[in-house]
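Chemist: need a structure here:
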Amino acid sequence: MNFSDYGALSTLKWVLAQTPGTPPTALWVKLHIGDPGADGLGSPAANDVREEIPFGAAVNINTDGRAQAASNINVSWPSVPATETYSYISLWDDETAGNCWYTDQMLAPVPVTTGGAFVFPIGQTIDHV
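Modeler: Residues are numbered from 1 along each chain as shown. All right, here's what the predicted structure looks like:
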């Protein structure tokens, strides 16, 4: 998982105690068909609806600085508007506007068909190295 420009700056400001920030009260996942870039705006999927996605507590998973958190629920889009392949996600602090905090590549691209459903299953992990 990669911090977005906003996520990296906010985190560094907090760590360096320049301006302790308030973490997002919720996160929304957005789907992408390619790398969304550092601002999270690139390569959006035709399915541009952001869905709220809660995560469990982050934990260290080894001693090299890697941490991860797992999603707590299935997140679904019941009817996708286009045939395409999802390959990245971005996480935002608002359902329709707000700030992108993180971006990440999916473990494997997921092809979807117009009118079909897409589910981001419970237990999906986000990690940071």
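Chemist: residue ranges with poor pLDDT in this structure?
Modeler: 1, 129 (pLDDT under 70).
Chemist: which residues in it form helices?
Modeler: In the chain, helices defined by DSSP state H lie at 5-15, listed in chain order.
Chemist: in it, which spans are strands?
Modeler: 2-3, 28-32, 51-52, 59-60, 67-70, 75-77, 84-92, 100-112, 118-120, 125-128 (DSSP state E).
Chemist: now distance to Pro20 and mean neighbour count too, for these, in TSV please.
Modeler: Backbone N, C-alpha and C define where each C-beta goes, glycine included. Shown next, in TSV, are those (distance: least, C-beta to C-beta, whole Å; neighbours: other C-beta atoms under 10 Å):
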stretch	distance to Pro20	mean neighbour count
strand 2-3	17	18
strand 28-32	23	23
strand 51-52	25	14
strand 59-60	22	10
strand 67-70	20	16
strand 75-77	30	17
strand 84-92	21	21
strand 100-112	16	16
strand 118-120	31	17
strand 125-128	20	15
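Chemist: to Gln18, which of those lies closest?
Modeler: Taking C-beta to C-beta, strand 2-3 is the member of the strands of the chain nearest to Gln18, at 16.4 Å.
Chemist: who touches that closest one?
Modeler: Applying C-beta atoms under 8 Å, 6 or more residues apart in numbering, the external contacts of strand 2-3 come out as 11, 38, 101-104, 128.
Chemist: list the contacts for the closest residue to Thr96 other than its chain neighbours?
Modeler: Nearest residue to Thr96, sequence neighbours excluded (C-beta to C-beta, 6 or more residues apart in numbering): Arg50, at 7.0 Å. Going by C-beta under 8 Å, 6+ apart, Arg50 touches 28-30, 92, 95-96.
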